[in-house]
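Participant: Predicted model, plus sequence, below.
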Amino acid sequence: MSEPKYQRILLKLSGEALMGPREFGVDPDTVASLTSQIREVHRMGIQVAVVVGGGNIFRGVSNAAAGMVRATADYMGMLATVMNSLSLQDAFEKHEIPTRVLSAFDMRQVAETYTRPRAMHHLKSGRIVIFAAGTGNPFFTTDTAAALRAVEVGADIIMKATKVDGIYTEDPVKNPNAQRIERTSHMNVLEKQLKVMDATAISLCMDNKMPILVFQMTKPGNIVKAVCGEEIGTLVEE
Ligand code: UDP
């Protein structure tokens, strides 16, 4: 097996990544397959932090559009990320991967509260750390939470798992001739409004020189390839 290129990664999974073929919630088979891939990386001695979204359960912005107060809807969205984090923790622990969920807001009976030293301690002790409840603030997304936590814990890279293997010149579903972009810059993503992460997340990564790899995680073996620096997906860097 090739040598790992990164020692500490932050993996960003959307809530939908846990949904599999279902229309809502969490699909245990999908979570099990994600888990065995993550286990491989963990076994390589890589420090792994995870941020998971909540869109498979509740999305603040769409419920605000339907009449809810945005902040309230967003807090519900953050609670949805806690549920997903607990699903992942359960699956990881079943595979004997020691895991801690750190929540951005206090939920003492459910998860530890996030502090940077606590996160660093767990990572250095070989535990997978799942950052739950996003940034803890409404009007943000879990992509921004991923950028923030990656910068805070000094991750080498954010690996953003998507349905397609990277960024394309056009929608590859609509145009089969669309080309995969191998590398691009944060600025280009912002200027061309490429759909990688929202602008707040990209700006935070740009200001802190945090690279982002956009890749397809559903392809078995892809995460190990990504960690070994093989040319998959799209790398967004300075
Ligand atoms: N959210 C929030 N602040 C945060 C992170 C998330 O308010 O820092 C809320 C927001 O309502 C969002 C929901 O949580 O719609 C779920 O997160 P996100 O949409 O990022 O999940 P994903 O699309 O990755 O599944």
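Facilitator: Thanks, I have it.
Participant: How about the helix ranked longest in the chain and the ligand, any contact?
Facilitator: Using DSSP state H, we find that the single longest helix of the chain is helix 70-94. Yes - using Cβ under 6 Å from any ligand atom, helix 70-94 comes into contact with the ligand via 73, 74, 77, 78, 80, 81. For glycine as for every other residue, the C-beta is placed from the backbone atoms N, C-alpha and C.
Participant: buried set for that helix?
Facilitator: The neighbour-count check on helix 70-94 (16 or more other Cβ atoms under 10 Å) flags 73-89, 91-92 as buried.
Participant: Start from the N-terminal end of this protein and give the helices.
Facilitator: Secondary structure of the chain (DSSP H): helices located at 28-43, 60-65, 70-94, 116-124, 142-153, 186-191, 199-207, 222-227.
Participant: Compare those helices and give me the one nearest residue 169.
Facilitator: helix 186-191 (12.2 Å; Cβ to Cβ).
Participant: could you dump the helix or strand of the chain with the lowest mean pLDDT to CSV, C-alpha only?
Facilitator: The helix or strand of the chain with the poorest confidence is helix 60-65; it has a mean of 88 (mean pLDDT, DSSP states H and E). Extracted in CSV, the C-alpha atoms of helix 60-65 (Å, rounded to 0.1, in the frame of the first residue of the first chain):
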residue,chain,number,x,y,z
GLY,A,60,-33.1,25.0,8.2
VAL,A,61,-33.3,27.2,5.1
SER,A,62,-36.2,25.2,3.4
ASN,A,63,-38.2,25.1,6.6
ALA,A,64,-37.6,28.9,7.0
ALA,A,65,-38.9,29.3,3.5
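Participant: gap between it and the chain center?
Facilitator: 21 Å (Cα atoms, centre = their mean, to the nearest Å).
Participant: who's in contact with that helix?
Facilitator: 70, 73, 74, 75, 76, 77, 138 (Cβ atoms under 8 Å, 6 or more residues apart in numbering).
Participant: same thing with stretch 89-106?
Facilitator: Outside of stretch 89-106, the residues within contact range by Cβ under 8 Å, 6+ apart are 28, 31-32, 34-36, 38-39, 42, 78, 82, 85-86, 88, 110-115, 118-119, 122, 125-136, 145.
Participant: The protein against the ligand: which residues are in contact?
Facilitator: So the chain meets the ligand at 14-16, 53-55, 59-61, 73-74, 77-78, 80-81, 134-135, 137-138, 140-145 (Cβ under 6 Å from any ligand atom).
Participant: returning to what we had before: what's the ChimeraX line that selects buried ones from the contacts of stretch 89-106?
Facilitator: Applied in ChimeraX, the following selects the buried portion of the contacts of stretch 89-106 according to 16+ other Cβ under 10 Å:
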select :31,34,35,38,39,42,78,82,85,86,88,111,112,114,119,122,127,128,129,130,131,132,133,134,135,136,145
